[in-house]
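# Sharing a model prediction with you, sequence too.
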Amino acid sequence: MSAITLIDGGIGQELLARSGDTPTPLWATQVMLDRPELVQAIHADFFAAGATVATANTYAVHRDRLVGTGFEDRFEDLLTMALDAAHAARDTHGGGRIAASTGPLVQSYRPDLMPPYEQAVATYTEVAELLAPRCDILLAETVASVANARAFIDAAAPVAERHGIPLWLAVTLSDTDGTVLRSGEPISALAPVLDPVAVLLANCSAPEAMDTAMPHLAALDRPFGALANAFTQITEDFLREKPTADTLTARRDMGPAAYAAHAMGWVDAGATLVGGCCETGPAHIAEIARRLREAGHVIV
């Protein structure tokens, strides 16, 4: 049997669900500002469910996303707030690693909106420098194009190396064709930029797309895995400027048992890291943990 890293689920949608707040373009960042205690509580619940990696609520904390919100001067404070919550939960739990998540610039699922390379590298470098001293893993999530991957890796790899921590890359795939990124580029097109990347993940795409992606991720010759979402689809409304999460709906057929069945399929295909993304909560992670142990795997 295998040693499997069990990553947590989707903190952003879990924050919205528990707060009951009306979604805003600031998404999980807004809930963290309004209800900071919920962030630590959710991390704690994911650890209790069996996750060994907590993903800090830093995904959407970017200077460009704060423009016009009144919180432009709190950029560094928000990163600190998110990391504090993850550390507090980890300390209480007594173990685990913290992955500092960095989401796409400007907007998720829109690689066409990414800034020019030099600007993107400068932005990602600043974020990496602020996150690296207080995390165990630098993680880029929902990377939708090779250009996005290159900019993040070129920025973050030197920072990760200096701090002695690994760089993880999570790409988002077409929900209808798990062999390609949302940009339409094949997964294989990532190969030239991946040298500094320790772990390759697919995230925030349909579980069925992840099923298809497994051999294509495996072909890139590094530990791999998946963190699928449980949305019905990424809607056209969500791809507009300053979207809010209420334009997306959760699948009714992707509860813990159904989701865990997909995750175990990824493990059978060679994945050594599994977890969840949007609309997967502690119950999903607990069910994956149960099935992993039942199958004789060791969670690390």
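Thanks, I have the structure now.
# For the rest of this, base every contact and every neighbour count on C-alpha atoms.
Noted.
# which residues pair with the nearest residue to residue 263 once chain neighbours are set aside across the strands?
Nearest non-adjacent residue to residue 263, counting by CA to CA, 6 or more residues apart in numbering: residue 274, 6.5 Å away. On the basis of DSSP bridges, residue 274 takes part in beta bridges with residue 6, residue 226.
# hang on, residue 274 packs against residue 3?
No: under the contact definition of CA atoms under 8 Å, residue 274 does not touch residue 3, with a separation of 11.2 Å.
# The two: which has the busier surroundings?
Each of residue 274 and residue 3 has its neighbours counted (other CA atoms under 10 Å); residue 274 has more, 29 against 13.
# Wasn't residue 284 part of a helix?
Yes: if the criterion is DSSP: H, G, I helix; E, B strand; the rest coil, then residue 284 is within a helix.
# correct me, but it touches residue 254?
No: because the distance of 9.3 Å does not satisfy CA under 8 Å, residue 284 is recorded as not touching residue 254.
# So which of the two has more stuff around it?
Counted by other CA under 10 Å, residue 284 and residue 254 do not tie: residue 284 has more neighbours, with 23 against 20.
# any idea what sits nearest that one, other than its immediate chain neighbours?
Nearest-residue entry for residue 284: residue 256, 4.1 Å, with adjacent residues in sequence omitted and distances by CA to CA, 6+ apart.
# What of residue 157?
Closest residue to residue 157 apart from its sequence neighbours, by CA to CA, 6+ apart: residue 196 at 6.2 Å.
# hmm, back to that, for the residue nearest to residue 263, what are its contacts?
Residues in contact with residue 274 (CA atoms under 8 Å, 6 or more residues apart in numbering) are 4, 5, 6, 7, 225, 226, 227, 263, 266, 267.
# The residues you listed into JSON lines, with extra columns for neighbour count?
Below are the contacts of residue 274 laid out as JSON lines (neighbours: other CA atoms under 10 Å):
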{"residue": "4", "neighbour count": "20"}
{"residue": "5", "neighbour count": "19"}
{"residue": "6", "neighbour count": "29"}
{"residue": "7", "neighbour count": "28"}
{"residue": "225", "neighbour count": "31"}
{"residue": "226", "neighbour count": "32"}
{"residue": "227", "neighbour count": "29"}
{"residue": "263", "neighbour count": "28"}
{"residue": "266", "neighbour count": "24"}
{"residue": "267", "neighbour count": "20"}
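# For the most centrally placed residue in the chain, give me its contacts.
Most central in the chain under CA atoms, centre = their mean is residue 141, positioned 4.4 Å from the mean C-alpha point. The contact partners of residue 141, by CA under 8 Å, 6+ apart, come to 59, 101, 102, 103, 104, 169, 170, 171, 172, 203.
# same question, residue 292
The contact partners of residue 292, taken as CA under 8 Å, 6+ apart, are 264, 298, 299.
# beta partners of the second one?
What it means is residue 298. Listed by DSSP bridges, the beta-bridge partners for residue 298 are residue 3.
# I'd like the numbering to begin with 875 instead of 1 from here.
Right, with 875 as the first residue, what we last looked at is residue 1172.
# That one reaches residue 926, doesn't it?
No: Residue 1172 lies out of contact with residue 926 (CA under 8 Å); the separation is 11.4 Å.
# Show me which of these two is the more surrounded one.
With other CA under 10 Å as the criterion, residue 1172 and residue 926 differ in neighbour count, and residue 926 comes out ahead with 22 against 15.
# residues contacting the residue nearest to that one when sequence neighbours are not counted?
Among residues not flanking residue 926 along the chain, residue 970 sits closest, at 4.7 Å (CA to CA, 6+ apart). If you count contacts by CA under 8 Å, 6+ apart, residue 970 has them with 921, 925, 926, 927, 928, 964.
# from those residues, which ones fall inside strands?
If you go by DSSP state E, these have 927, 928 in strands.
# Mind giving me the ChimeraX select for the contacts of residue 970, buried ones only?
Here is the ChimeraX command that selects the buried residues among the contacts of residue 970 (16 or more other CA atoms under 10 Å):
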select :921,925,926,927,928,964
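# Farthest-apart pair in the contacts of residue 970, please.
For the contacts of residue 970, with distances taken as CA to CA, the pair at the greatest spread is 925 and 964 (10.7 Å).
# CA atoms only: put stretch 1156-1166 into CSV for me.
Coordinates of the C-alpha atoms in stretch 1156-1166 are reproduced here as CSV (Å, rounded to 0.1, in the frame of the first residue of the first chain):
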residue,chain,number,x,y,z
PRO,A,1156,-14.6,18.1,6.4
ALA,A,1157,-17.1,15.3,5.8
HIS,A,1158,-15.6,14.7,2.4
ILE,A,1159,-12.1,14.6,3.8
ALA,A,1160,-13.2,12.3,6.7
GLU,A,1161,-14.7,9.8,4.2
ILE,A,1162,-11.5,9.8,2.1
ALA,A,1163,-9.4,9.2,5.2
ARG,A,1164,-11.7,6.3,6.3
ARG,A,1165,-11.4,4.7,2.9
LEU,A,1166,-7.6,5.2,2.7
